[in-house]
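Colleague: Structure for this input, please:
(one chain, ligands or ions: 1)
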Amino acid sequence: MHEFNEEVESLAQEILAYSLKRLKDNPPLDGPQSPEELFAKVGNTITEDGLGGHEALKVFTDTLALACISTDHPRYLSFIPSAPSEHSNLFDLVVGSSALYGGSWLEGAGAVFAENQALRWLSNLAGLPESSGGVFVQGGTIGNLSALVAARVHAREKYPEVTRWVVACSSEAHSSIKSAADIMDVHVLNVPADADGVMIGTSFASTVDGYLAEHPTQRVFAVVATAGTTNLGIIDDLNGVGLAAIERDIWFHVDGAYGLAALCAPSVRPLFNGVERANSFIVDPHKWLFAPFDACALIYRDPAIAKRAHTQHASYLETLEDPNEWNPSDYAIHLTRRARGLPFWFSLAANGTREYANAMQQTLDIAAHAAKLVKAHPNLELIHEPKLSIVAFKRVGWSTADYERWSDKLLADQIGFVVPSAHKGEPILRFAIVNPWTTEKDIADILETL
Ligand SMILES: *Cc1c(COP(=O)(O)O)cnc(C)c1O
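Modeller: Predicted structure coming up:
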């Protein structure tokens, strides 16, 4: 619409200045506003004449940006925050200005090559074979669904007579598994977790065997083990579940959207033993691997199965079907894709893997320190000794309403962002620490308000 004229040039300077300032300065936490409040401030931004770049940018920087919580703030400890490194954020600007197409080797060979090296690092950490491979997808939800679809295609090839399919997972599994099962119209078999919330191999085996004895025409095509539950950071018995799955010819998928990031920290690596048996696994670099939204690494032990499941065939795509070229589109539920793994790749390439291990250890140490402070606090009860970087606790004597009031005030006072969660039907608080810039003082300041 516009050539790169003087006006666009000055807009470019403004945008770069804003982006750099956002990256350099500690951002405020900010917080949501109602649609009415926002409309009162900016009105209708879509107009026939257009606002012009400067004005539209002003609408964003002066108003809209302030109604978005800074997920990379060191005191944003809700859900799973985000903590992109400077390198990854800066490189996202390059990706954004380069019109890269990440779906096929023909169009994006250089980008796909780099993404694949980053995937290889993750695959090696997990101990999968060199023949493994995958793709960066939008998030863990799409990653889990894509893996399960591949698992069922594989099972259908081997067991064509089966008409009712079942996926097994722990009652603590992420909501995206239930959602995937609904989309795929498969039954979810819940494996009871033990008292610590862990799905144990023997419990998985007996649940599956018992279910199939009662439903002999059905087949369990996959089991999802969680390596770091979102709420408490609990890791299933990967070794036991993996072995029992292999014995039964059941696809072993590991959902490590949050937790498998810690594969790169030697101090906790043994917690993930057994992940090397996985037929597929996911980990979100946008959660705990210092990459910006949105990037989930989805890796298959045998990518050829995923390719059979996911390649789209159409006359206009036939030219892409060269068996020697890696087309990321073929490995998940998508076609057009942004080269979303590149910011992660750049940061990893620039900083080196040792730096990743160090940053990861830093967050693990802060989580351990936070647990210590919680235990020493007269009003708080730690729910569970953190294995990874989630610290869950109760405020003695508080109702759900008390937690909500406290949480709202904490954000309104711009001290921190910590929303209540629940455990065994009771309200709890949890800190999810993925940001190496979160300090002991940040934790202490928040605990002081309790
Ligand atoms: C966050 C999470 C997901 C979903 O990932 P998205 O990137 O939010 O789609 C799935 N599983 C686990 C264990 C998670 O923590």
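Colleague: Restrict the helix or strand where residue 40 lies to CA atoms and write it as CSV.
Modeller: Taking DSSP states H and E as the criterion, residue 40 maps to helix 35-42. What follows is helix 35-42, C-alpha atoms only, in CSV (Å, rounded to 0.1, in the frame of the first residue of the first chain):
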residue,chain,number,x,y,z
PRO,A,35,-14.3,-3.1,26.7
GLU,A,36,-16.3,0.1,27.7
GLU,A,37,-13.2,1.7,29.3
LEU,A,38,-11.1,0.9,26.3
PHE,A,39,-13.7,2.1,23.9
ALA,A,40,-14.1,5.4,25.8
LYS,A,41,-10.3,5.9,25.3
VAL,A,42,-9.8,4.9,21.7
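Colleague: Residues contacting the following helix or strand past that helix, please?
Modeller: Toward the C-terminal end, the helix or strand that comes next after helix 35-42 (DSSP H and E) is helix 53-59. Outside helix 53-59, the residues that touch it by CB atoms under 8 Å, 6 or more residues apart in numbering are 7-8, 10-11, 14-15, 18, 42, 45, 50-51. All C-beta atoms are positioned from the backbone trio N, CA, C, and that covers glycine.
Colleague: For residue 217, list the residues it contacts.
Modeller: By CB under 8 Å, 6+ apart, the contact list for residue 217 reads 162-164.
Colleague: redo that, cut-off 10 Å
Modeller: Shown in contact with residue 217 (CB atoms under 10 Å, 6 or more residues apart in numbering): 161-164.
Colleague: in the helix holding residue 40, what counts as buried?
Modeller: Residues 38, 42 are the ones in helix 35-42 that count as buried (16 or more other CB atoms under 10 Å).
Colleague: and for it, what are the contacting residues?
Modeller: 32-34, 45, 51, 56, 58-60, 62-64, 66-67.
Colleague: Now which of these would you call buried?
Modeller: The neighbour-count test (16+ other CB under 10 Å) marks 33, 59, 66-67 as buried among these.
Colleague: TSV for those residues, including secondary structure and distance to the ligand?
Modeller: Listed next are the buried ones among the contacts of helix 35-42 as TSV, based on DSSP: H, G, I helix; E, B strand; the rest coil; distance: CB to the nearest ligand atom, whole Å:
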residue	secondary structure	distance to the ligand
33	coil	24
59	helix	28
66	helix	24
67	helix	21
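Colleague: Produce a PyMOL select command limited to the buried residues of the contacts of helix 53-59.
Modeller: The buried subset of the contacts of helix 53-59, as determined by 16+ other CB under 10 Å, is captured in PyMOL by this line:
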select buried, resi 11+42
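Colleague: Please convert the contacts of helix 53-59 to a markdown table, extending it with pLDDT and distance to the ligand.
Modeller: Below are those laid out as a markdown table (pLDDT from 0 to 100; distance: CB to the nearest ligand atom, whole Å):
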| residue | pLDDT | distance to the ligand |
| --- | --- | --- |
| 7 | 91 | 38 |
| 8 | 93 | 34 |
| 10 | 96 | 37 |
| 11 | 96 | 32 |
| 14 | 97 | 32 |
| 15 | 97 | 27 |
| 18 | 97 | 27 |
| 42 | 98 | 29 |
| 45 | 98 | 28 |
| 50 | 97 | 34 |
| 51 | 97 | 33 |
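Colleague: from the contacts of helix 53-59, which single one is nearest residue 26?
Modeller: The nearest member of the contacts of helix 53-59 to residue 26, counting by CB to CB, is residue 18 at 15.4 Å.
Colleague: what's the helix or strand harbouring that closest one in contact with?
Modeller: In this structure, residue 18 is located in helix 6-24 according to DSSP H and E. Residues from elsewhere that reach helix 6-24, judged by CB under 10 Å, 6+ apart: 1-2, 4-5, 27, 52-54, 56-58, 60-61, 65, 70, 72, 84, 86, 89-90, 92-93, 97.
Colleague: Look up how far residue 65 lies from residue 44.
Modeller: Taking CB to CB, to the nearest Å as the measure, residue 44 and residue 65 are separated by 19 Å.
Colleague: Look at those two and report which has more neighbours.
Modeller: Just comparing residue 44 and residue 65: by other CB atoms under 10 Å the higher neighbour count belongs to residue 65, 15 against 6.
Colleague: So for the more buried one, what's the pLDDT?
Modeller: Listed pLDDT for residue 65 reads 97.
Colleague: again, but for residue 1
Modeller: The model reports residue 1 with a pLDDT of 59.
Colleague: Also residue 200?
Modeller: pLDDT for residue 200: 98.
Colleague: May I have stretch 159-172 exported as CSV, CA atoms only?
Modeller: Only the C-alpha atoms of stretch 159-172 are listed here, as CSV (Å, rounded to 0.1, in the frame of the first residue of the first chain):
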residue,chain,number,x,y,z
TYR,A,159,-5.4,-52.8,13.9
PRO,A,160,-7.9,-51.9,11.2
GLU,A,161,-10.7,-53.9,12.8
VAL,A,162,-10.9,-51.7,15.9
THR,A,163,-13.8,-49.2,15.9
ARG,A,164,-13.6,-47.6,19.3
TRP,A,165,-10.3,-46.0,20.3
VAL,A,166,-9.2,-45.0,23.8
VAL,A,167,-6.4,-42.7,25.1
ALA,A,168,-5.1,-43.3,28.6
CYS,A,169,-3.8,-40.5,30.8
SER,A,170,-3.7,-39.6,34.5
SER,A,171,-6.5,-37.7,36.2
GLU,A,172,-3.8,-34.9,36.5
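Colleague: before we move on, the earlier item: now, among the contacts of helix 35-42, which is nearest to residue 363?
Modeller: residue 32 (26.2 Å).
Colleague: What is the burial count for residue 78?
Modeller: For residue 78, the count of nearby residues is 20 (other CB under 10 Å).
Colleague: okay but it is in contact with residue 434, surely?
Modeller: No: using CB atoms under 10 Å, residue 78 is not in contact with residue 434; the gap is 11.3 Å.
Colleague: Residue 156: how many residues sit nearby?
Modeller: 15.
Colleague: Make 63 the first number, not 1, from now on.
Modeller: From this message on, residue numbering opens at 63, which makes the last subject residue 218.
Colleague: Give me the phi and psi for it.
Modeller: Dihedral angles of residue 218 (phi, psi; degrees, to the nearest 10) stand at phi -60, psi -40.
Colleague: tell me the contacts of it?
Modeller: Residues near residue 218 by CB under 10 Å, 6+ apart: 224, 227, 281, 283, 371.
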